[in-house]
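Chemist: need a 3D model of the following:
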Amino acid sequence: MATSQQYRIQAFEPRYTDQVTELWRVSMQQAIGIPPLHSFESQAYFLRELLPQSHRLFVAIEIETGESVGFMAADSKSINQLYIHIDHQNRGLGRAFVELAKGSSEGSLQLRTFEVNKNAQRFYQRHGFKAIGGDCDNEEGLPDILYQWRAVDS
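Modeler: Here you go, the predicted model:
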């Protein structure tokens with residue numbers, strides 16, 4: 001699954017756990033402005049052991065360095081997690097992940113993003129997602145927005 005000459009997207013492998021956990025934590029903190037709620041070890045365990053039970057995980061690898069620079073957890077109905085390291089944003093990786101999720105969907109996808117994450121809102125709206133609700137029912141206690149994409153609307 002190549003995205004460009006600079007990156008490749010592939011299935012997540014446990015050997016990427018530490019790199020992905022670190023980029024997830026840094027990217028999320030930068031996006032929502034609060035430190036991670038869970039320890040590194042707890043989040044790494046969730047990524048490696050629990051999330052793969054219900055979602056397909058993909059990782060973006062920078063070809064030159066072999067470093068993990070983004071990841072997505074998705075199933076046929078939703079994108080559960082999508083984070084790109086802040087140094088690698090605006091280079092097409094998010095679009096590639098979303099297109100991968102759309103192509104594997106049942107014709108619609110849902111996802112949530114925090115209200116404070118204006119960049120994510122603009123990104124998802126550009127890619128055909130429409131706000132359909134929201135609440136504060138998340139660990140962070142922050143208001144979020146529920147988005148939906150439907151193939152028939154695209």
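Chemist: endpoints of stretch 63-70, how far apart?
Modeler: 13 Å (CA to CA, to the nearest Å).
Chemist: which of the residues in that stretch are buried?
Modeler: The neighbour-count check on stretch 63-70 (16 or more other CB atoms under 10 Å) flags 68, 69, 70 as buried. Where C-beta positions appear, they are placed from N, C-alpha and C, glycine not excepted.
Chemist: in strands, which of those fall?
Modeler: Among those, the residues falling in strands (DSSP state E) are 68, 69, 70.
Chemist: that older thread, dump the buried residues of stretch 63-70 into a markdown table; add distance to residue 6 and pLDDT as well.
Modeler: Converted to a markdown table, the buried residues of stretch 63-70 look like this (distance: CB to CB, whole Å; pLDDT from 0 to 100):
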| residue | distance to residue 6 | pLDDT |
| --- | --- | --- |
| 68 | 14 | 96 |
| 69 | 10 | 96 |
| 70 | 12 | 96 |
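Chemist: dump those residues into a markdown table; add distance to residue 123 as well.
Modeler: Listed next are the buried residues of stretch 63-70 as a markdown table, based on distance: CB to CB, whole Å:
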| residue | distance to residue 123 |
| --- | --- |
| 68 | 20 |
| 69 | 16 |
| 70 | 13 |
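Chemist: just give me the longest helix of this structure.
Modeler: helix 17-32 (DSSP state H).
Chemist: tell me the helices and strands packed up against it.
Modeler: helix 40-45, strand 68-74, strand 79-84 (3 or more CB pairs under 8 Å, 6 or more residues apart in numbering; DSSP states H and E).
Chemist: give me that answer again for 10 Å
Modeler: helix 40-45, strand 56-62, strand 68-74, strand 79-84, strand 108-114, helix 118-126 (3 or more CB pairs under 10 Å, 6 or more residues apart in numbering; DSSP states H and E).
Chemist: in its sheet, which strands sit next to the second one, and in what direction?
Modeler: Spelled out, it's strand 56-62. If you go by DSSP bridges, strand 56-62 pairs up with strand 7-11 (antiparallel), strand 68-74 (antiparallel).
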